[in-house]
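[1] model the following, please.
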Amino acid sequence: QRFASHIYWQYKDYKDITSSGGYGSLTLYKGSHLQEEKLHTIAYPYAQIVAGKPTLMSYDRDSNTFVLEFIAASATQWPNNTSLVHLNSHMHYPRGFRIWTNLA
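    Got it, this is the predicted structure:
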């Protein structure tokens, strides 16, 4: 996996769910209504902070599964030993979620 930014900009002149083309607005709102399908398409889980060297980060929309694998940094390299993952839980995991860890 490549670790690339989730930010992008591209103008399209056809009705594309992730941008403005044909909808008349670059926002997530059509009038006063949130375009939830658009938001669901572009707002998905990702690691904001990783306490080590990330080796894999992926999100499968069909199974709604987010995977983050990394080589943990030592306590001297990363004193807080904290990773932070944005799940967008109210959208993707409204009934809750499970976390598995393996310290091998």
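[2] and His33, what does it touch?
    For His33, no contacting residues are found, by Cβ atoms under 8 Å, 6 or more residues apart in numbering. Backbone N, C-alpha and C define where each C-beta goes, glycine included.
[3] how close does it sit to Met91?
    Going from His33 to Met91 by Cβ to Cβ, to the nearest Å gives 16 Å.
[4] same deal with Gly52?
    Taking Cβ to Cβ, one finds Gly52 at 27 Å from Met91.
[5] Val85 - nearest residue in space that isn't next to it in sequence?
    Excluding the flanking residues, the one nearest Val85 by Cβ to Cβ, 6 or more residues apart in numbering is Ala47, at 5.1 Å.
[6] part of a strand, is that neighbour?
    Yes - assessed with DSSP: H, G, I helix; E, B strand; the rest coil, Ala47 lies in a strand.
[7] count of neighbours near it?
    Here the number of neighbours of Ala47 (other Cβ atoms under 10 Å) works out to 16.
[8] can I assume it is in contact with Glu69?
    No - Ala47 sits out of contact with Glu69 when judged by Cβ atoms under 8 Å, with a separation of 10.1 Å.
[9] any common contacting residues for the two?
    With Cβ under 8 Å, 6+ apart, Ala47 and Glu69 have common neighbours Pro54, Met57.
[10] if we can go back for a sec, need the pLDDT of the residue nearest to Val85.
    Residue-level confidence at Ala47 comes out at 92, pLDDT.
[11] tell me which element Tyr44 is part of?
    Element membership of Tyr44 [criterion: DSSP states H and E] is none; it lies in no helix or strand.
[12] can you tell me the closest non-neighbouring residue to it?
    According to Cβ to Cβ, 6+ apart, the nearest residue to Tyr44 is Tyr59 (5.0 Å).
[13] over to that neighbour. Which of the three states is it?
    strand.
[14] that one bridge partners, please.
    Note on Tyr59: beta-bridge partners by DSSP bridges are Phe66.
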